[in-house]
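Engineer: Fold the stuff below for me.
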Amino acid sequence: MKPYTTALGVFLAFLGPGAGTASGFQVDQLPRPTGPFGVGTTIRHWTDSTRQEHFTGDPHDLRRLDVYVWYPAALRSGRSPTPYVPNIDRTERVMGSDYAARVRAVNTNSTVEPALARQPARFGVVVFSHGLGSLPMHYTVLAEELASYGYLVASVNHSFGSAATVLGRRGAQPLHRSWRSAFEITPEADRFLGEAITEWAADIIFVINQLAAEHRVPTEFFGGRLDLSHIVAAGHSLGGSAALFAGQIDPRIKAVINLDGPAHTIHTGFSLNVPVLWMLQDRSSMDSASAARNLSASAVQFRTFMKRLDAYRDTLMSRAPEGSYVFSIAGSRGNHFSDLPVVFGEPRSAAGVIDPSRVVDIVRTYVVRFLAVQAGQANAGELERLAQRYPEVEVVKRRK
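Structural biologist: Numbering: from 1, shown residues only. Purely as a prediction, here's the structure:
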């Protein structure tokens, strides 16, 4: 097994087959954003002085986070594209040489720190949370799309929960081994995931705090340019679960985008007062037998487990405000909500499922339209009419 598939294995195991060998789906140029703005990138390295980093075992370590930011920029910057994985020289040891060679060949549609776009006067803010064992850059297509429509996207690298964490003298660290305890169907695993969702939601809230602090200082890069009245929490898989929880506990968050993140016990104890766009993989395309084995469970246990997660989702949706939706994409798999199948290609076992480039197009179109509805720039009917363009999308739940 290649190092990168080992690093991403936990992220993909629950979802069925994931990133594989090169195929006809693989691209060297990411799909171009469709919005009117150019896209710039920058990176922040922030430390939360209020929280200890419990993964290192050092009581003096504080929670440190790398945050990758995409933002609206001038259309013509005259610079070479931002590397798909900016720190690959530091993380190659963890991610593997095959992975490093592949990502170095990928061209993005953004550039490093060009001038901010003059308009809009203030950018809506989306804080994104990656899937377990993935990286923030594995969602570049969606981030570039949102930035091209006037949003700042701050994607947090959840330290020790991502495929690679770079922390000073320790160098690059892989996904922490303690995450293995989450991949069982036991009360202990449920508690571990509840704590993880809480921690990742705290990361999201910390990033919001840091962006708000930068906004308040006119001389900072984003000083005075952020619309803090339109903050959205978004994420994929476990990151989607964290975004959902952040939206439940932080009133500054006005909407949630959850890309195939399951609801857990912890969510049911809190209300859901903001609209949510919840997009699901096609359950019928999931390799349930493999997923059950990955969770050390029988087929019966796995079916019961999935029904429980569905019940949690239904409970939350029954409390959701008007304008909340759950959509399912026929033929899709969980990893299709990231760039991975487009960049690395689908494994041969995935033949017959939807073209992942189609899912990329569906997701970014629905997300942009959902945010336009929240900003009062479109009506909910426009979101539903997208089904005429994308017949693969089915409404599972809606709150009118």
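
Engineer: By residue count, tell me the biggest helix in this structure.
Structural biologist: Secondary structure of the chain per DSSP state H: the longest helix is helix 187-215.

Engineer: Just the buried positions in the next helix or strand after that helix, please.
Structural biologist: Using DSSP states H and E, the helix or strand that follows helix 187-215 towards the C-terminus is strand 226-236. By neighbour count on 16 or more other Cβ atoms under 10 Å, the buried set for strand 226-236 is L226, D227, H230, I231, V232, A233, A234, G235, H236. All C-beta atoms are positioned from the backbone trio N, CA, C, and that covers glycine.

Engineer: and if you look at stretch 183-201?
Structural biologist: 183-185, 189-190, 192-194, 196-197, 199-201.

Engineer: Not counting sequence-adjacent ones, nearest residue to Y325?
Structural biologist: R398 (5.2 Å; Cβ to Cβ, 6 or more residues apart in numbering).

Engineer: what's in contact with the helix or strand hosting that neighbour?
Structural biologist: R398 is located in strand 393-399, with elements delineated by DSSP H and E. By Cβ atoms under 8 Å, 6 or more residues apart in numbering, the residues outside strand 393-399 that reach it are 278, 280, 313-314, 317, 320-330, 362, 366, 384, 386-387.

Engineer: ok, now with 6 Å
Structural biologist: Applying Cβ atoms under 6 Å, 6 or more residues apart in numbering, the external contacts of strand 393-399 come out as M317, A320, E322, S324, Y325, V326, F327, S328, I329, A387.

Engineer: same thing with stretch 168-183?
Structural biologist: Contacts for stretch 168-183 (Cβ under 6 Å, 6+ apart): 7, 10, 55, 90-91, 93-94, 133, 160, 164-166, 189, 192-193, 295.

Engineer: can we see that at 7 Å?
Structural biologist: Taking Cβ atoms under 7 Å, 6 or more residues apart in numbering as the criterion, the residues outside stretch 168-183 that touch it are 7, 10, 13, 55, 90-91, 93-94, 132-133, 160-167, 188-189, 192-193, 196, 294-295.

Engineer: Mark which of those residues are buried, thanks.
Structural biologist: Among those, the ones that count as buried (16+ other Cβ under 10 Å) are 7, 10, 13, 55, 91, 94, 132-133, 160-167, 189, 192-193, 196, 294-295.

Engineer: before we move on, the earlier item: mean confidence (pLDDT) on the strand holding R398, please.
Structural biologist: The pLDDT scores in strand 393-399 average 92.

Engineer: Tabulate the CA atom coordinates of that strand in PDB.
Structural biologist: The C-alpha trace of strand 393-399 is given here as PDB (Å, rounded to 0.1, in the frame of the first residue of the first chain):
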ATOM      1  CA  VAL A 393     -29.800  14.800  -7.100                       C
ATOM      2  CA  GLU A 394     -32.600  13.600  -5.000                       C
ATOM      3  CA  VAL A 395     -34.300  15.600  -2.100                       C
ATOM      4  CA  VAL A 396     -34.200  13.300   1.000                       C
ATOM      5  CA  LYS A 397     -35.500  15.900   3.400                       C
ATOM      6  CA  ARG A 398     -36.500  19.600   3.200                       C
ATOM      7  CA  ARG A 399     -37.800  22.100   5.600                       C
END
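
Engineer: about what we covered before: taking the contacts of strand 393-399 together, which two end up most distant?
Structural biologist: E322 and I329 (23.2 Å; Cβ to Cβ).

Engineer: Of the two, give the one with the bigger neighbour count.
Structural biologist: Between E322 and I329, I329 has the larger neighbour count (other Cβ atoms under 10 Å), namely 24 against 9.

Engineer: and the gap between the more buried one and S129?
Structural biologist: 20 Å (Cβ to Cβ, to the nearest Å).

Engineer: same question, A378
Structural biologist: Distance from A378 to S129, counting by Cβ to Cβ: 25 Å.

Engineer: Which of those two has more residues huddled nearby?
Structural biologist: Taking other Cβ under 10 Å, A378 and S129 do not tie; S129 has more neighbours (34 against 15).

Engineer: was I right about the more buried one contacting L244?
Structural biologist: No - in this structure, S129 is not within contact of L244 by Cβ atoms under 7 Å, at 9.7 Å.

Engineer: Once you drop chain neighbours, what's closest to S338?
Structural biologist: H138 (4.6 Å).

Engineer: Can you give me the neighbour number for that neighbour?
Structural biologist: 28.

Engineer: wait, is it part of a helix?
Structural biologist: Yes - residue state for H138 (DSSP: H, G, I helix; E, B strand; the rest coil) corresponds to a helix.

Engineer: Do you have the strands of the protein handy? List them.
Structural biologist: Assigned by DSSP state E, the chain shows strands spanning 38-52, 62-73, 81-83, 107-112, 123-129, 151-157, 164-166, 172-174, 226-236, 253-259, 276-280, 324-329, 393-399.

Engineer: list the buried ones in the fourth one?
Structural biologist: What it means is strand 107-112. So for strand 107-112, counting by 16+ other Cβ under 10 Å, buried means T108, N109, S110, T111.

Engineer: what's the distance between the last one and S298?
Structural biologist: Looking back up the chat, that one is T111. Look at T111 and S298: by Cβ to Cβ, they are 51 Å apart.

Engineer: about what we covered before: mark which of the contacts of strand 393-399 are buried, thanks.
Structural biologist: M317, A320, S324, Y325, V326, F327, S328, I329.

Engineer: wait, which of the residues you listed is closest to D28?
Structural biologist: Of the buried ones among the contacts of strand 393-399, the one sitting nearest to D28 (Cβ to Cβ) turns out to be I329, at 25.0 Å.

Engineer: Was I right to think that closest one contacts V359?
Structural biologist: Yes - if you go by Cβ under 7 Å, I329 and V359 touch, sitting 6.0 Å apart.

Engineer: contacting residues for the closest residue to S241 other than its chain neighbours?
Structural biologist: The shortest distance from S241 to any non-neighbouring residue, by Cβ to Cβ, 6+ apart, is to G261 (4.0 Å). Counting by Cβ under 7 Å, 6+ apart, G261 touches G235, H236, S237, L238, G239, G240, S241, L244.

Engineer: what's near enough to touch the last one?
Structural biologist: Meaning L244. Contacts for L244 (Cβ under 7 Å, 6+ apart) come out as V256, N258, G261, A263, H267, V276.
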